[in-house]
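Enquirer: sequence plus predicted model, see below.
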Amino acid sequence: MTEILPVSPESVKLAAELIRKGEVVAFPTETVYGLGADAGNPDAIARIFAAKGRPQDNPLIAHIWDVSMLPGVISGELPEWARVLADRFWPGPLTMILPKGEKVCLDCTAQLDSVGVRLPGNEWARELIRLSGVPIAAPSANTSGRPSPTTAQHVYDDMKGRIPLILDGGSANVGVESTVIDARTFPVRILRPGGITKEMIFGALGDVEVDAGVTRPLGKDEVARSPGMKYRHYAPRGSLTIVEGEAGTAARKITELYDGFEGEKRIFAMEGHLSMYGGRETVSLGKDKREAAQKLFALLREMDDLGVKAIFSEAVDENDIGLAVMNRMGRAAAFNIIKV
Ligand code: TXA
Ligand code: MG
């Protein structure tokens, strides 16, 4: 039985008791919902991998409620540049990969000697970690390969019968997972773009690198610096084709592809472009890129529920949160991107 309880002091306390007992509970964060368990308990970690059907070599990130929790979660001190980022962007959607400390078990990091650490912006998430008294390992609370959940209902759809409790904190407001950076060396390198953008990191440090795997598939001989980059992600059940180019030209190409497809189909377009697709079945990505980030995963799930076989989508520019949107859309489309 899987219970859904609204976040409250009582439900969060109950969730913390379950975490301390080695159980897995789903909880809201500002990015997406997480599937949490004690990062120091290998049996609890095994339950996360089982509930998600996650490949064993894909490490989990450890969530802390305050920087005072860092000793033992990481080994050694925060490097100077990581301290700058922590001061500026924590709490918030930034995960820093650092040398692993003894409080995080090797099963959590898939045997790596590094750990991704995140101090989430959602106050209920932080309260849960504080009351649990342990770092909480938490991947996104979806079945492996599906879009990440941005509501408690999405979590329920994937996890019913697999976990005892889902804390419902409403819709996640960032909508895409945290920015993951390798913070062990300078310049830091973005492995997964998110709500803390490359422009923001550049602004704080004066330098930043973006891993090649962020905007294109990795070649056969390239090493995935973040194991998660190897796997197809966020995949809708139907096909997704992205068309990139000037708005009018892209709209004509999308219209042509849409008209040529037989079956349940939709066009994803920015709010301001919807009128260019006269009469065809369109879905709004929102007024701007931030809204597109918030809505994307929910829309992909909705298309699955509607039995949509083909989606033709506009691209967004890759500045600011746009890089995260294009990274997730690109992966959902298996990088099936047409440039016009
Ligand atoms: O916003 C988020 O980060 C959400 C919420 C729940 O906090 N969590 C999340 O976790 O997205 P997950 O497991 O779905 O994605 C974590 C990503 C994976 O691609 C994983 O491969 C990478 O971070 N990762 C974790 N630890 C790593 C490490 N030590 N080295 C390299 N990559 C790592
Ligand atoms: Mg995930």
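Expert: The structure has been received and is ready for your questions. Ligands and ions are numbered 1, 2, ... in the order given.
Enquirer: can you list the low-confidence ranges for this protein?
Expert: Scanning the chain for pLDDT under 70 picks out 229-232.
Enquirer: what parts of it come near ligand 1?
Expert: 29, 31-32, 34, 58-61, 93, 95, 97, 109, 112, 114-116, 118, 120, 138-140, 177-178, 180, 191-192, 226-228 (C-beta under 6 Å from any ligand atom). For every residue, glycine as well, the C-beta is placed using N, CA and C.
Enquirer: just the buried ones from the residues you listed?
Expert: 29, 31-32, 34, 58-61, 93, 95, 97, 109, 114-116, 118, 120, 138-140, 177-178, 180, 191-192, 226, 228 (16 or more other C-beta atoms under 10 Å).
Enquirer: got a list of what the residue of the stretch 101-250 of the chain found nearest ligand 1 touches?
Expert: Ligand 1 sits closest to Gly228 of the stretch 101-250 of the chain, with a gap of 1.9 Å, by C-beta to the nearest ligand atom. By C-beta atoms under 8 Å, 6 or more residues apart in numbering, Gly228 lies in contact with 58, 192.
Enquirer: if we look at stretch 279-294, which residues are touching it?
Expert: 150, 171-176, 195, 255, 258-259, 265-272, 274, 295-296, 299, 303, 313-314, 316-317, 320-322, 324-325.
Enquirer: let's go with 6 Å and repeat that
Expert: Contacting residues not belonging to stretch 279-294 are listed as 175-176, 258, 266-271, 274, 295, 316, 321-322, 325 [C-beta atoms under 6 Å, 6 or more residues apart in numbering].
Enquirer: just the ones of those in helices?
Expert: Judged by DSSP state H, helices contain the following of the contacts of stretch 279-294: 258, 295, 322, 325.
Enquirer: how close does the first one sit to Ser178?
Expert: In other words, Tyr258. Distance, Tyr258 to Ser178, by C-beta to C-beta, to the nearest Å: 34 Å.
Enquirer: how long is stretch 69-76 from one end to the other?
Expert: 13 Å (C-alpha to C-alpha, to the nearest Å).
Enquirer: which parts of that stretch are buried?
Expert: Buried residues in stretch 69-76 (16+ other C-beta under 10 Å): 69-70, 73-75.
Enquirer: from the residues you listed, which is closest to ligand 1?
Expert: Using C-beta to the nearest ligand atom, the buried residues of stretch 69-76 come closest to ligand 1 at Ile74, 10.8 Å.
Enquirer: ok, for the closest one, nearest residue in space, not its chain neighbours?
Expert: Distances taken as C-beta to C-beta, 6 or more residues apart in numbering put Leu98 closest to Ile74, at 4.4 Å, once the chain neighbours are dropped.
Enquirer: okay, and the beta partners of that neighbour?
Expert: Beta bridges link Leu98 to Val115, judged by DSSP bridges.
Enquirer: that one and Ser75 touch, don't they?
Expert: No. Applying C-beta atoms under 6 Å as the test, Leu98 and Ser75 come out as separate, 8.1 Å apart.
Enquirer: may I have stretch 110-119 as CSV, with CA atoms only?
Expert: The C-alpha trace of stretch 110-119 is given here as CSV (Å, rounded to 0.1, in the frame of the first residue of the first chain):
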residue,chain,number,x,y,z
ALA,A,110,27.7,2.9,-7.4
GLN,A,111,31.2,2.2,-6.0
LEU,A,112,32.6,5.5,-7.0
ASP,A,113,34.9,7.5,-4.7
SER,A,114,33.0,10.6,-5.5
VAL,A,115,29.5,11.8,-4.3
GLY,A,116,27.0,14.3,-5.7
VAL,A,117,25.8,16.6,-2.8
ARG,A,118,22.7,18.7,-3.0
LEU,A,119,21.1,21.1,-0.5
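Enquirer: Phe202 should be in a helix, yeah?
Expert: Yes. Phe202 forms part of a helix when assessed by DSSP: H, G, I helix; E, B strand; the rest coil.
Enquirer: list the contacts of it.
Expert: Counting by C-beta under 6 Å, 6+ apart, Phe202 has contacts Val208.
Enquirer: for the one 5 residues further on, same thing?
Expert: For Asp207, the set of contacting residues under the criterion of C-beta under 6 Å, 6+ apart consists of Pro187.
Enquirer: element containing it, please.
Expert: According to DSSP states H and E, Asp207 maps onto no helix or strand at all.
Enquirer: circling back: take the buried residues of stretch 69-76 and lay them out in a markdown table including secondary structure.
Expert: As requested, these are arranged in a markdown table below (three-state DSSP):
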| residue | secondary structure |
| --- | --- |
| Met69 | helix |
| Leu70 | coil |
| Val73 | coil |
| Ile74 | strand |
| Ser75 | coil |
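Enquirer: adding distance to Asp38, write those residues out as a markdown table.
Expert: Below are these laid out as a markdown table (distance: C-beta to C-beta, whole Å):
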| residue | distance to Asp38 |
| --- | --- |
| Met69 | 13 |
| Leu70 | 17 |
| Val73 | 12 |
| Ile74 | 17 |
| Ser75 | 19 |
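Enquirer: quick one: buried residues of stretch 154-161?
Expert: For stretch 154-161, the neighbour count (16+ other C-beta under 10 Å) marks 154-159 as buried.
Enquirer: so how far is that stretch from its chain's centroid?
Expert: Relative to its chain's centre, stretch 154-161 lies at 17 Å (C-alpha atoms, centre = their mean, to the nearest Å).
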